[in-house]
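*Asks:* mind folding the following:
(3 chains)
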Amino acid sequence: MSAPSMYLFVFFGIFSALLLITGIYCMLVSFNLIRIIIGFEILVKAATLLIISAGYACGKSALAQVMVITLIVIEIVVMVVAGGVALWAFRHNDNIDPRELGNLKG
Amino acid sequence: MLINLILLFALVLAALWTVTTPRLIRAIVGLAITSAILSVIMYQLSSPLAAVFELSVCSGLISVIFVVTISFTRRVSKEELLVRRKQKIIKYWYLPVILIAAGLLLNHYLLANLNSSVLPAQEGDVRNLIWNSRHLDLFGQAVILLVGALGVVVLFKEPKK
Amino acid sequence: MLSLFILAPLFLLFVLNLPLKPVNKACFWLAGVLLSAQILMALGHALCPWSLYPDKLGLFFVFNLVMDNLTLVMLLVIGIVSLVALFVGKSTIILEEQRFNFVSLVLACVIGMNAVVLVRDIFSLYIFIEITSIASFVLIALKKDKLAIEGTFKYLIMSAVATVFMLCAMAFLLLAAGDLSFAAVHSAFYNPANAGLLKCGAGLFLCGLLIKSGVAPFHGWVPDAYSSAPAGVSILLAGITTKVAGVYVLLRLFGSVFILNAQFQNILLFAGAFSIVMAALAALTQDDFKRMLAYSSISQVGYIILALGCGTPLAFAGAIFHFFNHAIFKSLLFVNAASLEKEFGSTNMNTLAGLGNKSPVTGFTSLIGALSTAGIPPFSGFWSKLIIILALFSAGRFVYGGIALLASILTLAYFLAFQRRVFFGKTESTLSSAGTSWALRFWEIALALITAASGAVFVLVHNNWVLPLKAIFW
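*Replies:* Presented below is the predicted three-dimensional model:
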């Protein structure tokens, strides 16, 4: 691994780590199922940034782009399913507060 | 590098705003902005196709899905819901349009200006790679869309009462 | 030929979704024939290695699928467990619409799992893991009652976080290896310049996969998802889906792609031993049969992880044999749970008592399943645990070997407590049997026969199936 590539990857990696922390914070503290899904979206953004910068740094941005395009398609399907599940949680509990999801205990 | 640094800071700030803003609808706008900034960074890193995809799908389509889900999960009567949904569509119709237009403009501008880099030369072309040597990924995408359709059939059906 | 394993279920899925009345009515039987064909192909592979025939479909698709002994065992298990789940679903799901969606989603799961065990590229692996997971999210939420939605959401979020870990790991591996095929990543491990990047990548992958496999510190979603799912779906989930998406990938990547260094071995050994003991203790305190089985499942996954952490070819072969056995006897026990639920309307152990006279087949087969899980000699569970414990002792891991040995007693304890409460003792007259299903009894007996027979002819199984697995471990 050449030094400039490594430098670039670390440079983008720091910001990706910041995004990861933001997303996990959002998933942990929020009291709304939709916000938990938003937190997941931010996590995926962090992973996307990391993959694109890795692909650029090692000169394989074509492969990285293929990965990111596929990843976006998969992310959308996961999101739609998560939205449907949140919708049913709302229909059962009349709100979307995750604290209502306490009927099953770990 | 300086422009990248500014963009990355903007990205993290947008994400922070998304997380901290109290109103849900603003959080979704924040997510769309985060996505848009990320797609500009992708252009900078010579990944134009993925960037267009990110901009149109992640900031356009996902915002729409979120808005629809939120409008479903409100404690309001059916008629009010319909009116509100209509209002929301009228109020925010321009967001996806602007984002997609911005994506196309950026594509045009950046593809013309992106030429030199100190890093190893980029090898391979996305279109060649995805259509000629990664059939399994394409196949997987087709299957996952099918599974998503089944999920919509199961989960989004109105309950019979 | 290999591409048939993923193209045939997809073709059937398309055909089933065409608006043809007779096809829609026969959907269970068509899917059943397909899965039986998969079992026969996996079993008959030694006699007629059909994967050697040229892949005619390969002229159109570049899939790069590879068959080896590990894949063969996995295809067999996927076939058996999905077949059982399909027919248990047939006799427990009543609404016509749900029945049809159930078959379609099981087929989607089978496509995903078959592809996961056949691909040789980390990114394709990720895509098909996601297909399997998304299909199982929808399956758990199939009945859309309150508990099922709750279980689905927990599973979905944990799985999504695990996915993000795996994606970040892939960025590290891409930078170090330049490509994500197994061969490229494996050869990158021999280049000392990339050691740090590869260690980060493998470590992140390990985090993601431990969450996906439901190993002890990250096990919260497992009992919720298994116990809230419909009966047929919990067989599929506990027996194969979460195991292929988590445990198989762990075995494949850390057994033959990444280099298993001492740090990773220690993490795996600790995670395995911790989940064996913790989950067995938690299972003792459960009142619901399905939740108890879910904790038992976490505990058995602990044995597989422990064996992988041991890092010798013998332990690796033992881990895969235990994977096979676990799939069979855990499916058997979940079929028993489905049978109790159908017959008496509940799986709560406080309301069920003294059913030995009322449902003798369920009682007897669940005893076989329990003895096999606990590792009592004639059954197959004994042999796989024996291999794992012997491998641990011969590698000098005496403490972990001792933990694995003693935890078997705990396993026996919670299963015997269950048997005593539910099947032995005096019958309560308040419980009325709602009539039992012969289909469920048939599958109970079939699975009990498989676990008893593979224990009885262990020498044959050992020579033909277990020994060749040693060669997979690099």
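*Asks:* which stretches of the stretch 51-200 of chain C have low pLDDT?
*Replies:* Low-confidence segments of the stretch 51-200 of chain C, defined by pLDDT under 70: C:51-59.
*Asks:* one more: chain B?
*Replies:* For chain B (pLDDT under 70), the answer is B:1, B:74-96, B:99-100, B:102-124, B:159-161.
*Asks:* tell me the domain ranges of it?
*Replies:* B:2-114, B:125-161 (automatic domain parsing).
*Asks:* need these in a markdown table (columns: distance to C:Leu268 and mean neighbour count).
*Replies:* Placement of C-beta: from N, CA and C, glycine included. Output for these, formatted as a markdown table (distance: least, CB to CB, whole Å; neighbours: other CB atoms under 10 Å in any protein chain shown):
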| stretch | distance to C:Leu268 | mean neighbour count |
| --- | --- | --- |
| domain B:2-114 | 34 | 17 |
| domain B:125-161 | 29 | 17 |
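*Asks:* quick check: closest non-adjacent residue to the closest residue to chain B within chain A.
*Replies:* The nearest approach of chain A to chain B comes at A:Gly84, 3.0 Å away (CB to the nearest CB). Distances taken as CB to CB, 6 or more residues apart in numbering or on different chains place B:Leu155 nearest to A:Gly84, at 3.0 Å, with adjacent residues excluded.
*Asks:* could you check how far the one you found is from A:Val80?
*Replies:* 8 Å (CB to CB, to the nearest Å).
*Asks:* just to revisit the earlier point, would you agree the residue of chain A closest to chain B is in contact with B:Lys157?
*Replies:* No - between A:Gly84 and B:Lys157 there is no contact under CB atoms under 8 Å: 9.5 Å.
*Asks:* helices along chain A, start to end?
*Replies:* Secondary structure of chain A (DSSP state H): helices located at A:3-29, A:33-57, A:61-93.
*Asks:* is chain C within reach of the first one?
*Replies:* Spelled out, it's helix A:3-29. Yes - residues of helix A:3-29 are located near chain C by CB under 8 Å from any CB of the partner chain, namely A:5, A:9, A:16, A:20, A:24, A:27.
*Asks:* burial count for the second one?
*Replies:* Residues contacting A:Phe9 under the criterion other CB atoms under 10 Å in any protein chain shown number 22.
*Asks:* report the contact partners of it.
*Replies:* A:53-54, A:57, C:175 (CB atoms under 8 Å, 6 or more residues apart in numbering or on different chains).
*Asks:* nearest spatial neighbour of it, skipping sequence neighbours?
*Replies:* Spatial nearest neighbour of A:Phe9, excluding adjacent residues (CB to CB, 6+ apart): A:Ala57 at 4.6 Å.
*Asks:* what's near enough to touch the one you found?
*Replies:* Per CB under 8 Å, 6+ apart, neighbours of A:Ala57: A:5-6, A:8-9, B:119, C:175.
*Asks:* state the pLDDT value of residue 35.
*Replies:* In the absence of a named chain, chain A is used. On the pLDDT scale, A:Arg35 is placed at 88.
*Asks:* actually chain C
*Replies:* Note for C:Leu35: predicted pLDDT of 91.
*Asks:* how about it: what's its closest non-neighbour residue?
*Replies:* C:Leu83 (4.3 Å).
*Asks:* how far away is the one you found from chain A?
*Replies:* To chain A, C:Leu83 is 26 Å away according to CB to the nearest CB, to the nearest Å.
*Asks:* ditto for C:Pro377
*Replies:* 34 Å.
*Asks:* helix or strand for that residue, which one?
*Replies:* Using DSSP states H and E, C:Pro377 sits within no helix or strand.
*Asks:* okay, and the nearest residue to it once chain neighbours are set aside sits in which element?
*Replies:* Excluding its sequence neighbours, the residue lying closest to C:Pro377 (CB to CB, 6+ apart) is C:Gly455, at 7.9 Å. Assigned by DSSP H and E, C:Gly455 belongs to helix C:438-456.
*Asks:* next: B:Val64.
*Replies:* Assigned by DSSP H and E, B:Val64 belongs to helix B:62-72.
*Asks:* which one is the closest residue to chain C within chain B nearest to, not counting chain neighbours?
*Replies:* Relative to chain C, the nearest point of chain B is B:Gly140 (3.8 Å; CB to the nearest CB). Distances taken as CB to CB, 6+ apart put C:Ile127 closest to B:Gly140, at 3.8 Å, once the chain neighbours are dropped.
*Asks:* identify the residues contacting the one you found.
*Replies:* Counted by CB under 8 Å, 6+ apart, C:Ile127 has contacts A:70, A:74, B:136-137, B:140-141, B:144.
*Asks:* which of those residues lies closest to C:Asn463?
*Replies:* Set against C:Asn463, the nearest of the contacts of C:Ile127 by CB to CB is B:Leu136 (34.2 Å).
*Asks:* so who does the residue nearest to C:Pro377 touch?
*Replies:* C:372, C:377-383.
*Asks:* restricted to buried residues, select these in PyMOL.
*Replies:* In PyMOL, this line selects whichever of the contacts of C:Gly455 come out buried by 16 or more other CB atoms under 10 Å in any protein chain shown:
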select buried, chain C and resi 372+379+380+381+382+383
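*Asks:* make TSV out of the contacts of C:Gly455 and add pLDDT and secondary structure.
*Replies:* Below are the contacts of C:Gly455 laid out as TSV (pLDDT from 0 to 100; DSSP: H, G, I helix; E, B strand; the rest coil):
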residue	pLDDT	secondary structure
C:Ser372	90	helix
C:Pro377	82	coil
C:Pro378	80	coil
C:Phe379	86	coil
C:Ser380	87	helix
C:Gly381	87	helix
C:Phe382	90	helix
C:Trp383	90	helix
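*Asks:* now the residue nearest to C:Pro377: how far from C:Gly381?
*Replies:* 8 Å.
*Asks:* and for those two, which residues touch both?
*Replies:* C:Ser372.
*Asks:* give the contact list for C:Gly302.
*Replies:* Per CB under 8 Å, 6+ apart, neighbours of C:Gly302: C:215-216, C:271-277, C:279.
*Asks:* whatever residue of chain B ends up closest to chain A: what's it in contact with?
*Replies:* Chain B approaches chain A most closely through B:Leu155 (3.0 Å), counting by CB to the nearest CB. With contacts defined as CB under 8 Å, 6+ apart, B:Leu155 is in contact with A:81, A:84-85, A:87-88, C:138, C:141, C:144.
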